[in-house]
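>>> A predicted structure for the sequence below; I have some questions about it.
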Amino acid sequence: MQLRWADRAYLKGWMGLNRQGKVFWVMMIFVTALYAQPANGQASSSGNTADSEGTTAGALVSRPPQVWADAAVAHELKVIDDDGTQPLRFRVHKIDAKSDTVRVEVETKLGAVARLVERNGRPLTVAEDLAEQERLRGVMGRPEEFVRHHKRDAGTRQDTIELVKLMPRAMLFTYAAGQPQWKGFAGQQVSIDFRPNPAFHPPSMAADMLTGLEGRLWIDARSGRMVRVEARVLKPVSFGWGIVGKIYPGGTLALEQANPAGERWVYSNLDMHLNMRVVVKSLAMNDRMVASDFEALPGPVSMQDAVQMLLAMHVPTR
């Protein structure tokens, strides 16, 4: 069996990722898969889809659903490829099979810097906190390692952006019957159901993952931004003809976005329940991520300044 160059590169990258990297791939491909217009749709050039807060539900669904999808795609690319000019400080609570941690993160132009503040629902011990402070000082003393680490992240992000370009052929969209509103967002929403486009033929190994999801997304009617996505795995989804791995049917994913400041929208909640195989190892992913306590910073932050901010924090210990 011959692998194309792009598939060989993808396979090498996948095999080199740690478990969290695999979660990132699944999450980001899932996120970016959901906003494409049907292949025969007409794209909209408008960046702001709704005319006003007072637009009626009937008027919102009078245009083709792919118009909303097109606007959401344009906005989502900005979320994925944020340049750090409007940085945030926030808390991230992550739960997976191996850990339950809370970190405070500060965004920089090169990537986020984080300080661990809780583990398994409890504050760190004094010794653990001192070790975390020492780790952060080491980050500041070895900036080349920080840059190298985030260059790898940038490569994964660019691969994800490339997948977005395939999305216009990957999904079909229809308005959800009755236009149900998600109660976690105060503004009026447009709800759209999606399913795989049977005419889509994945051109690469990574694109195989786009063929087995269906679900619903909610888009803020005022801004055209996605606020929530729910998806379920319809059928086995293979990576590289099943050689690299497979996601089994029945899995569910939910993702939410928040608007903490100005034009900044960020991923605020991820809830993932997947059964999958990576090469020969079976994995059950029951992962949760919640970001909260967003604080907008006045301007771009250097890695060194971010470390200093985190070291200056008061962190309760036990």
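Perfect, thanks for sending it.
>>> Could you list the low-pLDDT ranges of the stretch 1-150 of the chain?
1-57, 79-84, 147-150 (pLDDT under 70).
>>> measure the residue nearest to Gly212 when sequence neighbours are not counted to Lys246 for me?
With C-beta to C-beta, 6 or more residues apart in numbering as the criterion, Gly212 has its nearest non-adjacent residue at 3.8 Å, and that residue is Val237. Using the backbone N, CA and C atoms, a C-beta is placed for each residue, glycine as well. Per C-beta to C-beta, to the nearest Å, Val237 is found 7 Å from Lys246.
>>> Same drill for these two, tell me which one is more crowded.
Val237 (24 against 19; other C-beta atoms under 10 Å).
>>> Beta-bridge partners for that one, please?
Val237 has these beta-bridge partners by DSSP bridges: Ile247.
>>> I'd say it and Glu214 touch.
No. With contact defined as C-beta atoms under 8 Å, Val237 does not reach Glu214; the gap is 11.7 Å.
>>> Please state the backbone phi and psi of Val280?
For Val280, the backbone dihedrals (degrees, to the nearest 10) come out as phi -110, psi 0.
>>> Share the number of residues neighbouring it, please.
So Val280, with other C-beta under 10 Å, has 6 neighbours.
>>> Pull out the buried positions in the helix or strand containing Leu311.
Per DSSP states H and E: Leu311 is located in helix 303-312. Going by neighbour count (16 or more other C-beta atoms under 10 Å), the buried part of helix 303-312 is 303, 305-307, 309-310.
>>> likewise stretch 289-296?
289, 291, 294.
>>> Which neighbouring residues are in contact with the first one, exactly?
Under the criterion of C-beta atoms under 8 Å, 6 or more residues apart in numbering, the contact list for Met289 reads 92-95, 267, 269-270.
>>> can I get these in TSV with distance to Arg277 and neighbour count?
Formatted as TSV, the contacts of Met289 follow (distance: C-beta to C-beta, whole Å; neighbours: other C-beta atoms under 10 Å):
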residue	distance to Arg277	neighbour count
Val92	28	18
His93	28	16
Lys94	23	17
Ile95	22	17
Tyr267	26	17
Asn269	27	17
Leu270	21	19
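>>> Among these, which lie within strands?
When DSSP state E defines the strands, the subset of these inside them is 92-95, 267, 269-270.
>>> Let me see the confidence value for the nearest residue to Ala284 once chain neighbours are set aside.
Spatial nearest neighbour of Ala284, excluding adjacent residues (C-beta to C-beta, 6+ apart): Asn275 at 5.5 Å. For Asn275, the model assigns a pLDDT of 87.
>>> number of nearby residues for Asn275?
16.
>>> Against Arg119, how distant is Val73?
The value you get for Val73 to Arg119, if C-beta to C-beta is used, is 38 Å.
>>> which of these two has more neighbours?
Val73 (22 against 15).
>>> Would you confirm that that one contacts Leu166?
No. Applying C-beta under 8 Å as the test, Val73 and Leu166 come out as separate, 11.4 Å apart.
>>> now the helix holding Leu311: how far from the chain's centre is it?
25 Å (C-alpha atoms, centre = their mean, to the nearest Å).
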